[in-house]
Structure formats: structure tokens, C-alpha cells
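Chemist: any chance you could fold what I've pasted below:
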Amino acid sequence: MRVNKNYKGFSLIEILVVVALIIILATITLVAINPGKNFRDTRNAQRSADVTQILNAVTQYTSEEGNSIGAFGTISTCTANWNDGSDIGTAGVDLGAVLVDEFIVAIPKDPSSGTDATTGYKICVTTGGRVQVSAPLAENGKQIVVKR
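Modeler: Alright, predicted model coming up:
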């Protein structure tokens, strides 16, 4: 007498092959998406928005109040190095004391390491009297600097 065994389900080999394919596809997807680069690019976009916001507030203050940039205290002169200048924050040039509430909600801080004392941004005045704000902590070799 012959017994006909009819097993239903997947074999161990089939399950292992499917798991291996899922792992390979997940790895390829992560490499293609590159979340580290996306996070760095996002922080740089925030830095770019921050320096523009700071410069807009400074420009608005100086034009509406009729004051020069000297109203903020001692601000260094820009050098050939784009990321030199006076630190913005309570430990450097305290823009918040003059600008906050009327011209800007709060002085932005660098997304990776900014504090109230040192925001991570720098301000300087060019030899032609233009104001420059930069983000020296920019990642991926980006130069984030605006001047007006």
C-alpha cells in the first residue's frame, strides 16, 4: 500500500531565498537613497534659510531705524576667507538684543551645534560697507554665505 503524502507550505530553502532577496533589495535601496547625504543636505538648506533670515532682519533694522551696522557693536571686517567674521550670539555680536521681537522672532541657531552663546553663524562687514552673514559649519564642502 502506497501512502501519498501531500505536504502544503514552503520549504526552508524557499524561505531562505526569499529572505536573501529582500535583504539584497533593501541594501540596494538604502545605498540609492543615501540617508546620510540627505540629512546633510537638509541641514545645509536650513543653514541657508537661517543666514538669509538673519541678513534680512539686519537690513530691515538698518533701513527702518536709520542706524548703521555699528549699532550692533564691534563687527569684524570680512577677509578673503568666506567663513571668517564675528560670531553671532550672546558671546559675540548679540543681534538678538536689538532685532528679536520687532525684526525677527528669534536668532536662528545652526542645526547641528548652535547655542544662544554661539549660534554657529558669523557676521562681518566688507570693505565696501556691505554686510555678510555666513554658515561656517556647512557640510559637504558647501559655502553658505549671503551679503547685501
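
Chemist: pLDDT weak spots in this protein?
Modeler: Applying pLDDT under 70 to the chain flags the ranges 1-3.

Chemist: tell me which residue is most central in it.
Modeler: Against the mean C-alpha coordinate of the chain, by C-alpha atoms, centre = their mean, the closest residue is Arg43 at 2.7 Å.

Chemist: next up, the contacts around that one.
Modeler: 111-112, 139 (C-beta atoms under 8 Å, 6 or more residues apart in numbering). For the C-beta atoms, the positions are set from N, CA and C on the backbone; glycine is no exception.

Chemist: closest to Ala91 out of these?
Modeler: Within those, distances to Ala91 taken as C-beta to C-beta reach their minimum at Ser112, with 17.8 Å.

Chemist: I'd say the closest one and Ala135 touch.
Modeler: No - contact criterion C-beta atoms under 8 Å: Ser112 and Ala135 do not qualify, at 10.3 Å.

Chemist: which of these two has more neighbours?
Modeler: Ala135 (29 against 14; other C-beta atoms under 10 Å).
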